[in-house]
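Engineer: How does the following fold in three dimensions:
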Amino acid sequence: PKSNMSVEIRNWFNPNLEYQWFIVISLIAVLAMVMTLAITSLSMAQEKELGTFDQVLVSPLKSYEILIGKTVPAIVISLLDVSIMIVATLFLFKIPLLNSIITLYLCIIVFLLSVCGIGLFISVLCKTQQQAILGVFVFLFPTFLLSGYITPIENMPIFLQKLGYINPLTYFFNLIKGLFLKGIGFSYIMMNVIPLLIIAFLTLSFVNWFFNKRLG
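Structural biologist: Predicted coordinates for the structure are as follows:
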């Protein structure tokens, strides 16, 4: 006798394969990175170009206080922009958020810290705003290509996949897509948060060392 059984394919996390779900969620990460990089990379480069950076260094501020002053405004502005995008994602595009909003914002803050470190690192190396803008563009293009935004990382050559391990956008894509669509657990979150914290620590430590050197 013939069987009435049939096999149906069920897609996880995005059953209807709505392409805009992946695009909109990814754009939150991309726009947050571009905004933060633009603010932080131009902050010190502009002061160097105008000749006011030395005035900041001779002020009674300590190196970590200058670093906080350069980092916090960029994070606050980026968080406001990201909040607008999250509201549009939830209510305009009707994309579900399966984890808590607090977890999402904590991951965003860690990501923005790592991007601030990179932006300030670029700003330290540049003397003019034009150099800083070019430095941001030089950094962004390979960052987008190696993050999985355009091409899946699994389809890349092995050496390019290894370069993706030092890319903060790669880890944040895993986080934001997992938080929205998959409801990822604590262990998977930490697997992607810890590399972001390491990137933030290394880059911000270099910038702090640069301030100490100039103050000395």
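Engineer: ends of stretch 4-17, how far apart?
Structural biologist: With Cα to Cα, to the nearest Å as the measure, the first residue of stretch 4-17 is 27 Å from its last.
Engineer: how far is the helix or strand of the chain with the lowest mean pLDDT from where the chain is centred?
Structural biologist: Here the helix or strand of the chain ranked lowest by mean pLDDT, DSSP states H and E is helix 53-57, holding a mean of 75. The chain centroid and the centroid of helix 53-57 are separated by 29 Å, computed with Cα atoms, centre = their mean, to the nearest Å.
Engineer: Give me the packing partners of the next helix or strand after that helix, helices and strands only.
Structural biologist: Later in the chain than helix 53-57, the nearest helix or strand by DSSP states H and E is helix 63-87. Judged by 3 or more Cβ pairs under 8 Å, 6 or more residues apart in numbering; DSSP states H and E, helix 63-87 is in contact with helix 19-50, helix 101-125, helix 186-215. Every residue, glycine included, has its C-beta placed from N, CA and C.
Engineer: chain center to helix 63-87, what's the gap?
Structural biologist: That offset, for helix 63-87, works out to 12 Å (Cα atoms, centre = their mean).
Engineer: How many residues are close by the closest residue to I28 other than its chain neighbours?
Structural biologist: The shortest distance from I28 to any non-neighbouring residue, by Cβ to Cβ, 6 or more residues apart in numbering, is to M85 (4.8 Å). Using other Cβ atoms under 10 Å, M85 has 17 neighbouring residues.
Engineer: Kindly report the same for M190.
Structural biologist: Quick note: M190 (other Cβ under 10 Å) scores 11 neighbours.
Engineer: Likewise for the one 10 residues further on?
Structural biologist: Other residues near A200 number 21, with proximity taken as other Cβ under 10 Å.
Engineer: circling back: for the least confident helix or strand of the chain, which residues meet the burial criterion?
Structural biologist: Using 16 or more other Cβ atoms under 10 Å as the burial criterion, the residues of helix 53-57 that qualify are F53.
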